[in-house]
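>>> the following comprises the amino acid sequence and a computationally predicted model.
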Amino acid sequence: MRSRWISIPLLALVLAVLAGEAAFLYWRARLPNEKPCDPIIVAVARDTGIDPFLIRALIWRESRFNPMTHGTAADERGLMQVTPTVGEMWAKANKIPDFKPDDLYDPTTNIRAGTWYLSRSMQRWNKTDDPVTFALAEYNAGRSNALKWVDPNAPTDHTAFLERITFPSTRKYVEDIETRRDEYKQTLVGNRWYQEFFPAQSSMTTSP
């Protein structure tokens with residue numbers, strides 16, 4: 001009889017451990033798989049001169065690295081939530097024949113089109129003290145809204161611009177991406193794909 005009462009708590013402990021293990025495996029399986037995007041991000045960064053950590057952070061914010069993400073607001077598609085209109089603009093500017101909106105579910109096409117659009121926005125804001133802040137707001141809320149948020153008394157000041165953003169979701173969007181970008185610059189120092197972007201760290205041991 002005694003052994004039976006001992007086995008019940010033991011069984012409960014085993015079940016709790018197994019439940020915890022299952023929960024951990026489920027959580028890990030749902031984490032975004034960022035690594036497959038790294039070679040594409042680095043290649044696009046080389047071609048465009050756009051910070052690869054910024055590209056990575058924008059993908060994280062827009063889709064959590066799910067290439068099949070589909071937005072409902074403007075039919076946004078893929079990793080960087082590119083609209084078919086922007087995709088067509090990118091295809092025309094880069095002489096890409098036979099472009100179709102569903103091509104935006106392809107990671108390479110999507111990252112190239114999304115980064116092209118971001119780069120174009122950054123070029124328009126290149127007279128400011130931080131084009132990234134302005135360009136991210138434009139990427140999220142459109143150019144007409146971004147122009148409204150420029151401080152007439154400090155038109156090149158990104159801090160003043162950020163404070164004038166009237167959409168809380170857009171302000172958070174910009175802040176989230178910039179924070180994530182800075183985190184990537186810390187956490188990816190030893191990553192083999194990003195070594196060239198850390199010249200001072202080139203002798204460090206690389207990681208996958």
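Now that the structure is in, tell me what you want to look at.
>>> quick check, pLDDT for the closest residue to residue 174 other than its chain neighbours.
Leaving aside its chain neighbours, residue 174 sits nearest to residue 136 (4.6 Å; criterion: Cβ to Cβ, 6 or more residues apart in numbering). For every residue, glycine as well, the C-beta is placed using N, CA and C. The model reports residue 136 with a pLDDT of 98.
>>> may I see the buried residues of the host helix or strand of residue 136?
Assessed by DSSP states H and E, residue 136 sits inside helix 131-141. Neighbour counts over helix 131-141 (16 or more other Cβ atoms under 10 Å) mark 131, 132, 133, 134, 135, 136, 137, 138, 139, 140, 141 as buried.
>>> tell me what that helix is packed against?
helix 52-63, helix 107-124, helix 143-148, helix 158-164, helix 168-187 (3 or more Cβ pairs under 8 Å, 6 or more residues apart in numbering; DSSP states H and E).
>>> helices or strands up against the shortest one?
When you say that, I think you mean helix 143-148. Against helix 143-148 (3+ Cβ pairs under 8 Å, 6+ apart) you get helix 131-141.
>>> so which bits of stretch 173-184 are buried?
By 16+ other Cβ under 10 Å, the buried positions in stretch 173-184 come out as 173, 174, 177, 178, 180, 181, 184.
>>> domain map for the protein?
1-31, 34-201 (automatic domain parsing).
>>> quick one: low-confidence ranges for the protein?
1-32, 200-208 (pLDDT under 70).
>>> redo that, cut-off 90
1-35, 73, 189-190, 198-208 (pLDDT under 90).
>>> tell me how far the residue nearest to residue 162 when sequence neighbours are not counted lies from residue 84.
Distances taken as Cβ to Cβ, 6+ apart place residue 133 nearest to residue 162, at 5.9 Å, with adjacent residues excluded. Distance of residue 133 to residue 84, given as Cβ to Cβ, to the nearest Å: 27 Å.
>>> ditto for residue 180
Counting by Cβ to Cβ - residue 180 and residue 84 are separated by 26 Å.
>>> and for the helix or strand containing residue 87, what are the contacting residues?
In this assignment (DSSP H and E), residue 87 forms part of helix 84-93. Applying Cβ atoms under 8 Å, 6 or more residues apart in numbering, the contact partners of helix 84-93 are 75, 77, 82, 96-97, 99, 101, 103-104, 109, 112-114, 116-117.
>>> of all pairs in those residues, which one is the farthest apart?
Between any two of those, the greatest separation by Cβ to Cβ is 21.8 Å, found for 75 and 97.
>>> more neighbours: which of the two?
Neighbour count, other Cβ atoms under 10 Å: between residue 75 and residue 97, residue 75 has more, with 14 against 5.
>>> the more buried one is in what secondary structure piece?
Applying DSSP H and E, one finds residue 75 in no helix or strand.
>>> how close does it sit to residue 138?
Taken as Cβ to Cβ, the span from residue 75 to residue 138 is 19 Å.
>>> same check, this time on residue 132
Relative to residue 138, and taking Cβ to Cβ, residue 132 is found at 11 Å.
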